[in-house]
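Novice: Need the 3D shape of this:
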Amino acid sequence: MKRVFIVHGWGGFPEEGWFPWLKSSLEKRGFTVVVPAMPDPTVPTIEKWVGHLAQIVGKPDKQTYFVGHSIGCQAVLRYLASLPTGAKVGGTVLVAGFLDSLILSANEGKEIASPWLTQVIDGAKVKKATDHIAAIFSDNDKCVPIENKKFFEERFGTQTFIENGGNVFSHFTGSDGIKEIPKVLELLLAMATVAQITIDDFSKMELKMGKILSAEKITGADKLYKLSVDMGEGEPRTICSGVAQFYQPEELVGKTVPIIANLAPRVMRGVESKGMILMADNNGPVLLTPIREIPPGAIVK
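Specialist: Residues are numbered from 1 along each chain as shown. You can find the predicted model right below:
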């Protein structure tokens, strides 16, 4: 299930501007979309906004996507930086975001913005949490100077776009009259679309069934097992698999599983692995086993 969380900006609200249009456009395409009302929107704080977002999202995965607007971009980035090692989301689109530079007039606004501008976001953690991150800026933003584009590119490796529309785009708020931003929808759909392959691409893979004969931990690797697998070739193959945190060795031994047999060998923690076991993903790897007995080496097609 593909989920999208749209985070409004400072003083914003879920029904503002282009949020209803984006929500409706995504729902028509099968996405589940949440536009949360962020706490105390006129006096946003990092702790409350990031904590609220974490509570609403629950457990993120690669089917989870984010859209942020203005200070909502920061909330999304800080949330991503807070994720535990290994957690990864599908993608992020940021609209009119800022990092070090923001145009403010009132002293009260400067005081509220100060923590958002001075508390650095860990760019390395953000990049580990998402493979896809894009940012859209206005060439005449009344709040966000265009130099923020460079900051996003340098710190997060962001793919950036400038919407050039005279006075049309401004800060992309509802009060600016912005009801749609087609580029946001385009970017999200591209991130969420699985690349198609041809039958020729598929035919390059040699899929066979293999029987796991033994499983043992690899020294110094908490997640890896060294498996000995009967592939019907006479001599068993060694295949490394990162399932040690999910299965005990005795749960694997004797199981017949599908394997990519012609995967190029790869050395993992000093052990050469010659193949890859195919598993389902359900918040962790799940073994795929046939309902009837089948010999090692049987072709999968």
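Novice: From here on, just use CA atoms for contacts and neighbour counts.
Specialist: Fine.
Novice: per-domain residue ranges of the protein.
Specialist: Per automatic domain parsing, the domain ranges recorded for the chain read 3-192, 200-287.
Novice: closest one to residue 296 among those domains?
Specialist: Of all these, it is domain 200-287 that lies closest to residue 296, at 4.7 Å by CA to CA.
Novice: I'd like the distance from the closest one to the chain centre, please.
Specialist: 25 Å (CA atoms, centre = their mean, to the nearest Å).
Novice: Could you look over the domains of the chain and pick the most buried one?
Specialist: Mean neighbours per residue, mean count of other CA atoms under 10 Å, is largest over the domains of the chain for domain 3-192, with a mean of 18.
Novice: can I get the domains of the chain in TSV with distance to residue 298 and mean pLDDT?
Specialist: As requested, the domains of the chain are exported to TSV (distance: least, CA to CA, whole Å; pLDDT from 0 to 100):
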stretch	distance to residue 298	mean pLDDT
domain 3-192	32	93
domain 200-287	5	93
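Novice: Now render those as JSON lines, adding distance to residue 299.
Specialist: Shown next, in JSON lines, are these (distance: least, CA to CA, whole Å):
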{"stretch": "domain 3-192", "distance to residue 299": "30"}
{"stretch": "domain 200-287", "distance to residue 299": "5"}
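Novice: Which of those domains sits closest to residue 301?
Specialist: Of the domains of the chain, nearest to residue 301 by CA to CA is domain 200-287, at 7.1 Å.
Novice: Between the two ends of the closest one, how far is it?
Specialist: 27 Å (CA to CA, to the nearest Å).
Novice: Relative to residue 122, how far out is the residue sitting nearest the centre point of the chain?
Specialist: Most central in the chain under CA atoms, centre = their mean is residue 89, positioned 1.9 Å from the mean C-alpha point. Residue 89 sits 16 Å away from residue 122, going by CA to CA.
Novice: And residue 156, by the same measure?
Specialist: In terms of CA to CA, residue 156 sits 9 Å off from residue 122.
Novice: Repeat that for residue 84.
Specialist: Taking CA to CA, one finds residue 84 at 13 Å from residue 122.
Novice: how about the helices of the stretch 1-150 of the chain, start to end?
Specialist: Along the stretch 1-150 of the chain, counting by DSSP state H, counting those that start in this stretch, helices occupy 19-27, 46-57, 71-82, 107-118, 123-129, 148-156.
Novice: Residue 280 is nearest to which of those?
Specialist: Of all the helices of the stretch 1-150 of the chain, helix 123-129 sits nearest to residue 280, with 21.1 Å by CA to CA.
Novice: residues in contact with residue 142?
Specialist: When contacts are counted by CA atoms under 8 Å, 6 or more residues apart in numbering, residue 142 touches 103, 170, 171.
Novice: and of those residues, the nearest to residue 257?
Specialist: residue 171 (53.6 Å).
Novice: Now that closest one. Nearest residue, chain neighbours left out?
Specialist: Using CA to CA, 6 or more residues apart in numbering and skipping residues adjacent in sequence, the residue nearest residue 171 is residue 141, 4.9 Å away.
Novice: One more: residue 233?
Specialist: In space, residue 233 is closest to residue 297, 7.2 Å off (CA to CA, 6+ apart).
Novice: shouldn't residue 110 be in contact with residue 103?
Specialist: No: look at residue 110 against residue 103 with CA atoms under 8 Å: they stay out of range, at 9.1 Å.
Novice: and the closest residue in space to residue 256 that isn't next to it in sequence, how far is that from residue 290?
Specialist: The shortest distance from residue 256 to any non-neighbouring residue, by CA to CA, 6+ apart, is to residue 211 (4.2 Å). Computed as CA to CA, the residue 211 to residue 290 distance reads 11 Å.
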